[in-house]
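Trainee: with the input below, show me the fold.
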Amino acid sequence: MGNKIKGLIFTVILSVAVVYLFFGKIIQDPNNYYFSMEGDGFKAYYGAIYHLKHDTTAMRMNGMNYPYGEMVFFTGSQPLVVNSIKFIGNNVMDLGENIVGIMNLLMILSIVVAAIFISLIFCELELNWLYASVVAVGICMLSPQLARFGGHFSLSWLFWIPLMLYQLIRFDKKPTFARAALIGGITFLAGGMHMYFYAFYGFIIGLYLLGQLVNRKRKFGIIKGLVFFIIQFILPFIVFQSILSANDPVGDRTTFPYGFWAYMGHPLGVFLPSGKPYAFVPKVLTAFKHVSWESLAFIGVTALSGFCLGVFIFFRKIFKKRNPLVVTDSFILNVLFWSSFAALLFSFGLPFILGLEALVDKLGPLKQLRALARFSWIFFYMLNIVVFYGIFKKTRSSGNAIKWRVITLIAIGFLIFDGSWNCYINGSLIKNRKPAMSDIHNELPENEWIHKINPDDFQAIIPLPYFHVGSENIWIESKDNTQELTMIASLKTGLPTTAVQLSRTSISQTYKNYAVVTEPLEPLHILDDLPGEKPFLLLFNRKHYLNKDEERLMKAGELIYQNENIELRKLPVPKLAGLNQRYIEEVKSDFNNAALFESDGYLLTDSNSFFIHKSFDDLDAGIMYNGTGSMSYEAGHWKSILDDTLSLDANKKFKISFWVYDYQRDGGLRTTIEVVQRQVGTQKVTNYFYSDLHRHVKGFHGKWALVELNFETKEKDERLSIALRNTILKNKSLLIDELLVRESNVDIYYPAGDIVMKNCRKLPILK
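Mentor: Below is the predicted model:
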């Protein structure tokens, strides 16, 4: 039996043993464990199950964002896996009831596959098969991708990076078009799993080919190298984008994804541990408080020691006028290592953090890869491969064999020690059970409501509180586990939901859905897109305290069922369509029946109330919500929109309201608002508030969005200042109009042409 076969067999045996040691309970009952009970992880299960059981096409997942649905590649539900199971179910045998177990086992077994490819890399580099197997398994145990088991399932498949490294090492030995085509096929499949793998491969393939071309002993010329790059990277990307374009009618996804600056890598997260068994490190280095969890990709004690030694050797070579780029005696290893180091620097935000922020706007599709920290994963694998390759070579070539064997044992010992802790910590976090999901016959109290309704009577679920994460223009996070409650209800009934936990959702579709749960200042545009007249199912999580707009929606529905946890109501489409008109009638009734007091042209429900109104009619911006003017300001800089005194006693509640123009403009509502309350005399800050406008949208009217915030005075007669800034739409002109500051319990009316404004809302109260 050859050494390569021995190494593969031992790698499989050892990696399977490790997997069973740390994930054995899950392997024994894979269908009933959920790696995540909430957030992106549970959403991935939901998307996969819904797509498998209820969607009729391979490219659309219609469970969320009703009535529009979403392109399956924007759902994070591993479409290659689910569609393969869907195909097998339609043509061979039904595996649908095992989808959770299949997803779980594939993620876990990716550790074994990754170990095989790392072992094969060492085999190609002619290392001892036993040493190669042990080190390969240890590297996989320490992989930062294990942390993705808790949420980002598509990124948790460990073998994609080692697979590409292995194929490039083989390609370097014999650069044929057949091997280039194989690499192109792998690029296509990996990119189909997650777009980040495309970007990772772009670094690895592109810089390898560049390194080959600048090498004096290069194996192919510029033209052939360019052809290889087209086959290995460009062509798969074009094919994938063509598939997306052919199946995706949406043309208004964001070009400003959140997180590009927030999720950069950090040297501390890569070179130092942040948890057990080295918990003392972040306690000593308080800078860890500023390191995001995305940045945590510890390379291990052994690799850290090797890196430090390598830095010393690097500068010594420069001093001795030798080539410092020669890290090992293998050209391909040197090229791949420096490619991974370039990826590491990129993960830290280079070159953008060097005063070149403007370059980000020129990245095009690369801006969608907002978590730059993930690029450090390439460095993790390559550094460990290079360090353990160097240790093996030194052991074989050194005259002091005993010393280096001891060093080898210590190095492997630290690798296994660090890897064991990594497996233990991440493994303990994913052993979750979800009784409500395992309750197939809906016998548990939390599922008994399923028997009270006929899902065929409804067209979709509207959850309250509503949640919508994905457009990058608004964030309405789930409250009180409503997201999980809604997803379980959707899976058990087969009904889609208007809510969203996706990525890069259409901006216009987002606001159409969001308008349903906001103040009905205008007719709902989503009604024009509904496929039928069946009523909606309102699913209310009773842990949540309803606001006035949610109460209005609930009153329009007919009670079906309630218990201590949930309340179900049937909401007919005509009742939904009539919300705007009923709201207007309520406002008219309030106006006609209220005791109003006149003050300088305003009508108030309290004659002693305080308010500030800025119409901006003295400013000519050309577009206005009301009157003859509005305030225009340039994005990128703070703009003061109010600086005035609150003639109010302490502990008085008040509201700030104003209108924002062109709210559907990508990035428009990602404007930041700063509200500061100060003592008039000392200027001491009594209250400071900093947020984004999209979190405080009250309603929509034409191209305008109403922003409204609630505050409370801390002291008597405070100074109130309000400022806006938008760092997304740099050098663009933005508009606001009709700023009103009023006491929360007071209504203010004032004329606006042939109608009357109420609390800065333009409603047809008077004709």
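Trainee: CA atoms for contacts and neighbours, from now on please.
Mentor: OK.
Trainee: quickly find the element holding Asp737.
Mentor: strand 733-743 (DSSP states H and E).
Trainee: partners of that strand in the sheet?
Mentor: Applying DSSP bridges to the sheet, strand 733-743 is found paired with strand 611-614 (antiparallel), strand 631-634 (antiparallel), strand 653-661 (antiparallel).
Trainee: give me the element Thr686 is part of.
Mentor: Going by DSSP H and E, Thr686 is in strand 685-692.
Trainee: elements contacting the helix or strand just after that strand?
Mentor: Along the chain past strand 685-692, the next helix or strand (assigned with DSSP H and E) turns out to be strand 697-701. Under the contact criterion of 3 or more C-alpha pairs under 8 Å, 6 or more residues apart in numbering; DSSP states H and E, strand 697-701 touches strand 704-712.
Trainee: moving C-terminal from the strand it packs on, which element do we reach first?
Mentor: Heading C-terminal from strand 704-712 (DSSP H and E), you reach strand 718-725.
Trainee: show me what that following strand is packed against.
Mentor: So strand 718-725, by 3+ C-alpha pairs under 8 Å, 6+ apart, packs with strand 639-646, strand 672-678.
Trainee: and the shortest one, average pLDDT?
Mentor: Mean pLDDT, computed over strand 672-678, is 96.
Trainee: ok so, going back, which of the helices and strands packed on strand 718-725 sits most buried?
Mentor: strand 672-678 (a mean of 20; mean count of other C-alpha atoms under 10 Å).
Trainee: can you list the strands that that strand pairs with?
Mentor: When DSSP bridges is applied, strand 672-678 pairs with strand 685-692 (antiparallel), strand 718-725 (antiparallel).
Trainee: out of these, deepest packed?
Mentor: strand 718-725 (a mean of 20).
Trainee: and the helices in the stretch 251-400 of the chain?
Mentor: 267-271, 280-284, 301-319, 331-347, 376-397 (DSSP state H, counting those that start in this stretch).
Trainee: report the buried residues of the third one.
Mentor: With burial defined by 16 or more other C-alpha atoms under 10 Å, the residues of helix 301-319 counted as buried are 301-304, 306-307, 314.
Trainee: pLDDT below threshold where in the stretch 651-767 of the chain?
Mentor: Residues of the stretch 651-767 of the chain meeting the criterion pLDDT under 70: 765-767.
Trainee: now do 50
Mentor: 767 (pLDDT under 50).
Trainee: try the stretch 101-250 of the chain
Mentor: Ranges of the stretch 101-250 of the chain meeting pLDDT under 50: none found.
Trainee: and the strands in it?
Mentor: Counting by DSSP state E, counting those that start in this stretch, the stretch 101-250 of the chain has no strands at all.
Trainee: let me know the next secondary structure element after the strand holding Asp737.
Mentor: In N-to-C order, the element after strand 733-743 by DSSP H and E is strand 748-752.
Trainee: okay, buried residues for that next one please.
Mentor: 748-752.
Trainee: which helices and strands does that strand pack with?
Mentor: strand 602-604, strand 755-758.
Trainee: chain center to the first one, what's the gap?
Mentor: Computed by C-alpha atoms, centre = their mean, to the nearest Å, the chain-centroid distance of strand 602-604 equals 46 Å.
Trainee: over to the longest one?
Mentor: Here the centre of strand 755-758 is set off from its chain's centre by 41 Å, with C-alpha atoms, centre = their mean.
Trainee: quick one: end-to-end length of stretch 686-702, please.
Mentor: For stretch 686-702, the first-to-last residue distance is 37 Å (C-alpha to C-alpha, to the nearest Å).
Trainee: repeat for stretch 648-659
Mentor: For stretch 648-659, the end-to-end distance is 24 Å (C-alpha to C-alpha).
Trainee: sorry, back to before: can I get the helices of the stretch 251-400 of the chain in CSV with distance to Ser503?
Mentor: Shown next, in CSV, are the helices of the stretch 251-400 of the chain (distance: least, C-alpha to C-alpha, whole Å):
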stretch, distance to Ser503
helix 267-271, 26
helix 280-284, 32
helix 301-319, 35
helix 331-347, 21
helix 376-397, 22
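Trainee: those helices: which one's closest to Arg179?
Mentor: helix 331-347 (15.9 Å; C-alpha to C-alpha).
Trainee: and the closest residue to Gln501 other than its chain neighbours, what pLDDT?
Mentor: Nearest residue to Gln501, sequence neighbours excluded (C-alpha to C-alpha, 6 or more residues apart in numbering): Val469, at 4.9 Å. Per-residue pLDDT puts Val469 at 93.
Trainee: for Gly702, find the nearest of the strands paired with strand 672-678.
Mentor: Nearest to Gly702, of the strands paired with strand 672-678 and by C-alpha to C-alpha, is strand 685-692 at 21.1 Å.
Trainee: that closest one vs strand 704-712, what angle?
Mentor: 150 degrees (axes from the mean of the first three to the mean of the last three C-alpha atoms, to 10 degrees).
Trainee: list of residues touching strand 685-692?
Mentor: Here strand 685-692 makes contact (C-alpha atoms under 8 Å, 6 or more residues apart in numbering) with 669-679, 714-715.
Trainee: list the contacts of Asn473.
Mentor: Per C-alpha under 8 Å, 6+ apart, neighbours of Asn473: 254, 507, 666-670, 694.
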